[in-house]
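Predicted structure and sequence below. I'll ask about it afterward.
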Amino acid sequence: MTTVLEERVADILEFETKIIIANWLSRVNDDPEIMSAPLTAEERSGHLPEMFSDIVTRLRNPLPIKTRALTSDAAHNHGCLRREQGYNPAMIVHESRMLQVSIFETLQTRAERLNTSELLLDIMTIADEIDSQLAQAMTGYIKEAHKDGEEIAA
């Protein structure tokens with residue numbers, strides 16, 4: 001009988017970051033609305049390694065449930081940049097959703113090796129961190145719009 005080594009979600013995300021980003025970029029490339037902003041692959045995905053680092057840090061240093069997530073300069077700057085690059089708010093939300101799908105798809109492919117004792121908490125943490133990063137990106141986006149005198153409809 002062979003023993004399967006259990007892997008932690010943080011380790012998988014850290015190890016598979018480039019693959020997850022490539023999968024995310026493939027999804028983004030298939031979205032006509034997002035692709036309407038003419039950017040290089042690096043311009044589209046350059047923010048992701050730092051955001052992944054924030055996710056991995058949060059997984060390794062969990063916050064109690066109901067605690068507000070940590071501030072992410074990368075997320076805020078991402079929103080500002082996306083505004084300058086011609087994205088609309090919905091495009092940013094779609095990108096965020098695609099990131100969650102790409103992460104969870106990667107975890108699904110490694111399901112038999114996952115440490116299941118903390119899996120649900122890790123998934124909740126990932127979703128919360130990505131949502132927090134999305135909120136911070138939107139805050140940056142809105143601040144940039146206000147600087148330009150533009151109002152963003154809710």
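Received it, and whenever you're ready, just let me know what you need.

All the strands of this structure, residue numbers only.
In the chain, no strands are defined using DSSP state E.

Kindly provide the distance from the nearest residue to residue 114 once chain neighbours are set aside to residue 93.
Leaving aside its chain neighbours, residue 114 sits nearest to residue 7 (6.0 Å; criterion: CB to CB, 6 or more residues apart in numbering). To be clear about C-beta, it is placed using only N, CA and C from the backbone, and glycine gets the same treatment. According to CB to CB, to the nearest Å, residue 7 and residue 93 sit 30 Å apart.

cool, and residue 73?
On the measure of CB to CB, residue 73 and residue 93 end up 20 Å apart.

So between these two, which is more surrounded?
Higher neighbour count among residue 73 and residue 93: residue 93, with 14 against 11, using other CB atoms under 10 Å.

In space, what's closest to the more buried one - neighbours in sequence excluded?
residue 134 (6.7 Å).

Ok, residue 71 next?
Closest to residue 71 by CB to CB, 6+ apart is residue 136, at 7.0 Å.

Give me the pLDDT for the one you found.
Note on residue 136: pLDDT of 92.

hey, where'd the helices end up in this protein?
Taking DSSP state H to define them, one finds helices in the chain at 9-15, 17-29, 32-35, 41-45, 48-60, 73-84, 89-109, 119-147.

Adding distance to residue 66, write these out as CSV.
Output for the helices of the chain, formatted as CSV (distance: least, CB to CB, whole Å):
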stretch, distance to residue 66
helix 9-15, 21
helix 17-29, 28
helix 32-35, 33
helix 41-45, 32
helix 48-60, 15
helix 73-84, 20
helix 89-109, 20
helix 119-147, 10
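
who wins for proximity to residue 67 among the ones you listed?
Among the helices of the chain, helix 119-147 comes nearest to residue 67, with 9.3 Å by CB to CB.

Remind me what that closest one packs against, helices and strands.
helix 9-15, helix 48-60, helix 73-84, helix 89-109 (3 or more CB pairs under 8 Å, 6 or more residues apart in numbering; DSSP states H and E).

buried residues in the shortest one?
Using 16 or more other CB atoms under 10 Å as the test for burial, helix 9-15 gives 9-10, 12-13.

Please read off the pLDDT at the residue nearest to residue 8 when sequence neighbours are not counted from the model.
Distances taken as CB to CB, 6+ apart place residue 115 nearest to residue 8, at 5.4 Å, with adjacent residues excluded. For residue 115, the pLDDT comes out at 79.
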